[in-house]
Every structure is written in structure tokens, then in C-alpha cells.
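Enquirer: Need coordinates for the following:
(chains A and B)
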Amino acid sequence: MHKLYDLSSRQSLEVQRLRFDPASVTFGVEMVPNPGNDMAASLQIHGENMPKLLPWNLSNTKPCQLAGLSTTMQNASNIKNLNLASNEVKSAGKLDKGQGLEPEEMSADRNSLCTTFPDKSTNISSILELFPKLLSLDSQESRPPTNFGIEAHKRLPTCKGSFFESDALKSLVLQFLRRYYLTYDSGDRQGLLGAYLDKACFSLSIPFNPEDPAPSSLCEYVKDNRNIKKLKDPHLRLQLLKSTKHDIVRSLCVLPATQHDFSSFVVDQWLQTERVLCFSVNGVFKEVVGKSQSSVRAFTRTFIAIPASSSSLCILNDQLFVRDAHPKETHSGLFIPVPTPASSSVPTLSQEQQEMVQAFSTQSGMNLQWSQKCLHDSHWDYTKAAQVLALLKAQCKIPEEALTQTDPGS
Amino acid sequence: MKASERRECWGLLLMDFKTYVDQACRAAEEFVNIYYETMDKRRRALIRLYLDKATLIWNGNVVTGLEALNNFFEMLPSSEFQVNMLDCQPVHEQATQAQTTVLVVTSGTVKFDGNKQHFFNQTFLLTAQSTPNNTVWKIASDCFRFQDWASS
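Expert: Residues are numbered from 1 along each chain as shown, chains lettered A, B, ... in the order given. Coordinates of the predicted model:
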């Protein structure tokens, strides 16, 4: 025999009172004994019968299977306040996101939410995951979920640029990279022999996109691609790891000619010991293919290097990862390559051009060499060159060497 | 160059290089599977994979030591990693004082709860800790970066 409860005028519902009422309720709340477990009860709610703003108090009841709730909660969006305090609620891990159960206030303190979650903070995060509209948990405000996502107390740290342990290491690494890429982009990579130890290691890899396993871009890198997630043949795995400096340089010479954008470099110097210096460089480069449209690639290159002298490094391990640049990476205002020494091929400037360079340098604070580069790239349109420079400054993309008055190649 | 240093350099040659590379690859594969599964599904166990003095550089943020790492990983939202690329190299003992070390490089996608999906690159330096029964690899250094970190 069902008892009918008229809940339309009630402000709160205390399940505990109903729980002990053996009669099941068809209007509003129905307590159904869970088969096979006398202690637990599934709570079924016929949402369309629920009055608005109903604080729903399950506190101090016998264990209640919350797992059953979401699937049986239909149209329960009226429930704004859910009190589960002192409840033992099981199997929260298997909870579906509440279909319609979206309370705005909840009390879950002293609630051992479920046996699979060992601690309170995980409890909280799982509750917050399930009830994204929660504004208050145990009377403490949670963050508005719209701003910070579902796990209100967790967030990603702010992303930052290059990391170096010290200014000295920064100088050392940048100087190394300048020298390295100067030769790398010069058209003849044989000069890199001196940069590697005899028994150095080098390997290269490109991304694997499950949706496009055989892309046509990056085809120049495919034959050297050492992605051991896909490559299982131990013989090939060995072969694709170059382990003498001659083999390494031979491999590098065969890769497409490049022009690296030094201003795009972001460096993480992640280890330093008395024996070794390790860093990863991220950046973009153009593949120089004659006068035709050149592709912009992005790369992450990891170096493990040892000090060769007080001011230079020698490479022990070199791993290069090449991918296509994302759209945002391809439109840097000025593709500033590694600075070339003044003595290398510099076109003769007219008197007027020389004067422009001098004026540009004085007015911008950049050295003569970089000023010339800027103007050259803007086809000697002074205004345009100034605009591009302003844009780069705003993006913090001016490398330090552009501002020094000494020869950057030294 | 001292005789002892000369010997050190050639030490790697005396060991079968092929075996060394093979060992490094197997260690890297196994380690990477464990690492990302732990990161995604058993986050609180993740710091067990790090050496006491390990350092993490996460999108330019430096985190050093187990306590800081613990707090860091607790603060990070839940994750779903997909690794599409893995490469590794043995690190010459010249750099490592005879501790077997492997450089591991990965790339793929990650979705942190409440955030958009990102492509990422990650570099690990793993050190072997041998016991009589087996070898356990632990992270000495970890460097992680979103490919689009600048617009995050």
C-alpha cells in the first residue's frame, strides 16, 4: 500500500524519516530496497513530481547507493540542495554524470564517498566532476564551473617561455645554438663534425597521426624516422640510430637545407651536472627549396652536451623531432635567421641604403647588421621595416643579439 | 687525456652496442606505457617514478624534489594522454658516471580536464637502479611542453 506525500509545499525532505517508513512513496520520493543488500537502498525520484528548491537531505541514513541515482533520476534538475553528509555512498567511480541531477549546494563532509577513493580531495574532485553546477560544497564556495572547469580546485599552471638555471648557462646555451645553426643553415653541414663527440648519438622522428598515417608532407624525413612506438624491428631500430659523428653528419647533410628562425627559439635547459648540460630547443625553420614556396616546419631538438672548454659544448646525444608548423607558428612577422658574420656575402649597399641602415639603427636601437636585415626583408621600405620591428617588439621576439653593438658572430 | 678517461670512452665499445640499444628501447617502451597510464589513472602514484632530486620543467615552470612534484601533480587536473611518437637513445657513460642512462623523447596529445586538447613534447632522462632481482628505471629529469604553449 503506497502512501502519498504531498511535497509541493515542503521546503525540505528528510529522507531518513522516509527511509524508515516501510511504505514506499509514489509521489515524489520512492525508497526501493536494493536487491541482495538490505542495508542499501536505491533512491528513485520521479522528477516531475519534485517541488522546486528542494533541499534533499540524505544525511545519517543507512548506506545509500548513489550509483543508482543518476540512472533513475529523471528530470531531477529541480533539486538544488543535496545533503549526503555522513552517508556511505558506494561506487561513485561508476557514477554517470547526473542526468539532470545538478544541485547547487551539497554537503558531503564526513562522507566516505566510496571505497575506491582513498582521500577527501579525490572525493571532492569526483563530486565536483559529477555535479558541475555546484556552487557550494560543505558551505564553502566552489569556483564557478564555467570559468575553471569541472575540478574547481585544480588548474593548469601558466605557461612560460624559455627556462635556464642561470644567466651564465643561458649565455652558454644560446652561444652554442648560434654557432650550431649558423653551420647547420650554411648549406654545408660538414662543419658540424667538430660539434659532436666521436661516439655521439643522433636520431630523428616525425609525428605519427593515427588519422593520417602516411602524410605526404615531411616525406624527406620519413626514411630516417625512428618512432619506436611504430618501429619494432630491432635491426632497423639500431640502424636508424646514428652512433658515430661521421654517420651523424652524413645523415644531417642529406636532410633538406634549412633556415632556422632564431627569434622563435624557446629553450628548456632541464639538467646541469658537472659532467653534462641538457636542453631542448623548440622553434621553427623554413626548408629552403630554391626559389619556390618553402615549407615552414616546427621542431623540438634535445641536446645532451658536455663542456669542451670553458665556453663551448660538445654534443653527446642529439634527438630531432620535426613536424609541420601549426598555422599560428607560420606567420611570424620577420623570419630572423641565425646572424651571419659581417664578412660573409653581404650585398653592396647604395649610399642611400647605407644611410637608411644608419638611421634605422639609431632610431630602433638595433645594431647595424640587424637593421640592414630588417630593411632588406622589407624591400627597403623604411616605414614597413619599422612596422615589422614594432610588431616583433610587441611579441617580444627581438633576440638579444640584435641589440648588441658588437659582431654577433663573435 | 688520462688513461682512465681513455678507457671510459671505449668502455661502451666493449659492451655490445646492439644490446645496449636494444635494452634502452625496451626500457623506454615499458617505462612510457607505465608513466602515462599512471599519470592518467593513478596520479597519486606518479611520483614513485621520480628520483628524490628529480626536476620537472613543465611549460617553463620548474619543479624540484619529490614534495614539490607531489604538490604539482596533485594540482594538475586529471589527464588523458595519447602518445604517438617515442624515440630513445642510450646516454654515453662519459656523461653519467657509469650509471646506465637513457634519453626518452615522446610526443602526442593530452587533454587536461576543463582545458582544450594540446599537442605536447616531452623529454625524460631515465636512470637505471639495479637490485639483485631486477632493474627499476626512474626519472632524473622531465621536460614537458605544449606545442602551442604560447597561446595557452
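Enquirer: ok, the closest residue to B:Thr135 other than its chain neighbours to A:Thr244 distance?
Expert: The shortest distance from B:Thr135 to any non-neighbouring residue, by Cβ to Cβ, 6 or more residues apart in numbering or on different chains, is to B:Ala128 (5.0 Å). C-beta: built from backbone N, CA, C; applies to glycine. According to Cβ to Cβ, to the nearest Å, B:Ala128 stands 24 Å off from A:Thr244.
Enquirer: Equivalent analysis for B:Gln97, please.
Expert: For B:Gln97, the distance to A:Thr244 - Cβ to Cβ - is 23 Å.
Enquirer: What segments of chain B are helices?
Expert: B:3-14, B:17-41, B:66-75, B:93-96 (DSSP state H).
Enquirer: Of these, which is nearest chain A?
Expert: helix B:93-96 (4.2 Å; Cβ to the nearest Cβ).
Enquirer: Taking chain B, what residue is nearest to chain A?
Expert: Closest point on chain B to chain A, by Cβ to the nearest Cβ, is B:Gly114, at 1.8 Å.
Enquirer: Touching, that residue and B:Pro77? I think so.
Expert: Yes: here B:Gly114 lies in contact with B:Pro77, judged by Cβ atoms under 8 Å, at a distance of 5.6 Å.
Enquirer: Give me the pLDDT value at the residue sitting nearest the centre point of chain B.
Expert: Nearest to the mean C-alpha position of chain B, counting by Cα atoms, centre = their mean, stands B:Phe124 at 2.6 Å. As predicted, B:Phe124 sits at a pLDDT of 97.
Enquirer: Please name the bridge partners of it.
Expert: B:Val104, B:Asp142 (DSSP bridges).
Enquirer: and A:Glu352, backbone torsions?
Expert: Dihedral angles of A:Glu352 (phi, psi; degrees, to the nearest 10) stand at phi -60, psi -40.
Enquirer: For stretch A:297-310, the averaged confidence score.
Expert: Here the average pLDDT along stretch A:297-310 is 93.
Enquirer: Would that stretch count as contacting chain B?
Expert: Yes: Stretch A:297-310 reaches chain B (Cβ under 8 Å from any Cβ of the partner chain) through A:298, A:300, A:302, A:304, A:306.
Enquirer: Would you mind checking those residues for buried ones?
Expert: Using 16 or more other Cβ atoms under 10 Å in any protein chain shown as the burial test, the residues of stretch A:297-310 next to chain B include A:298, A:300, A:302, A:304, A:306 as buried.
Enquirer: wait, which of these is closest to A:Ile315?
Expert: A:Ile304 (7.4 Å; Cβ to Cβ).
Enquirer: residues contacting the closest one?
Expert: A:276-278, A:315-318, B:91, B:95, B:103, B:125 (Cβ atoms under 8 Å, 6 or more residues apart in numbering or on different chains).
Enquirer: Make sure it is indeed in a strand.
Expert: Yes: counting by DSSP: H, G, I helix; E, B strand; the rest coil, A:Ile304 is found in a strand.
Enquirer: And it, how far from A:Cys278?
Expert: A:Ile304 is 5 Å from A:Cys278, by Cβ to Cβ.
Enquirer: With B:Ala140 instead?
Expert: 10 Å.
Enquirer: Tell me, how many residues neighbour the closest residue to chain B within the stretch 151-300 of chain A?
Expert: Scanning the stretch 151-300 of chain A for proximity to chain B using Cβ to the nearest Cβ identifies A:Lys160 as nearest, at 3.1 Å. A:Lys160: 17 surrounding residues under other Cβ atoms under 10 Å in any protein chain shown.
Enquirer: which residue sits closest to it, ignoring its sequence neighbours?
Expert: In space, A:Lys160 is closest to B:Gly60, 3.1 Å off (Cβ to Cβ, 6+ apart).
Enquirer: contacting residues around that neighbour?
Expert: A:159-163, A:266, A:268, B:145, B:149.
Enquirer: Can I have the buried ones of the residues you listed as a ChimeraX selection?
Expert: Listed next is the ChimeraX selection for buried residues among these, using 16+ other Cβ under 10 Å:
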select /A:159,160,162,163,266,268 /B:145,149
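Enquirer: Where strands are concerned, which of the contacts of B:Gly60 count?
Expert: A:266, A:268, B:145 (DSSP state E).
Enquirer: Can you tell me which of these comes closest to A:Ala390?
Expert: Nearest member of the ones in strands among the contacts of B:Gly60 to A:Ala390, counting by Cβ to Cβ, is A:Val266, at 21.8 Å.
Enquirer: picking that back up, out of the buried ones among the residues of stretch A:297-310 next to chain B, who's nearest B:Lys18?
Expert: A:Ile304 (20.9 Å).
Enquirer: Which parts of the stretch 151-300 of chain A are strands?
Expert: A:196-205, A:258-260, A:266-272, A:277-287, A:296-309 (DSSP state E, counting those that start in this stretch).
Enquirer: Against B:Val102, how distant is A:Lys232?
Expert: Counting by Cβ to Cβ, the gap from A:Lys232 to B:Val102 is 18 Å.
Enquirer: Look at the two and report which has more neighbours.
Expert: B:Val102 (24 against 10).
Enquirer: Distance check, the more buried one against A:Ala359.
Expert: 55 Å.
Enquirer: What is the burial count for the nearest residue to B:Phe73 once chain neighbours are set aside?
Expert: For B:Phe73, ignoring the flanking residues on the chain, the nearest one in space by Cβ to Cβ, 6+ apart is B:Leu46 at 5.2 Å. Close neighbours of B:Leu46, defined as other Cβ under 10 Å, add up to 21.
Enquirer: Pull the contacting residues for B:Leu46.
Expert: Taking Cβ under 8 Å, 6+ apart as the test, what B:Leu46 contacts is B:35, B:38-39, B:73.
Enquirer: Quick check on those residues: which are buried?
Expert: Buried among those by 16+ other Cβ under 10 Å: B:35, B:38-39, B:73.
Enquirer: Next, give me the two most distant ones among those.
Expert: Longest span within these, Cβ to Cβ: B:Tyr35 and B:Phe73, 11.8 Å.
Enquirer: farthest-separated two in the contacts of A:Ile304?
Expert: Checking the contacts of A:Ile304 with Cβ to Cβ, the most distant pair is A:Ile315 and B:Leu125, at 15.3 Å.
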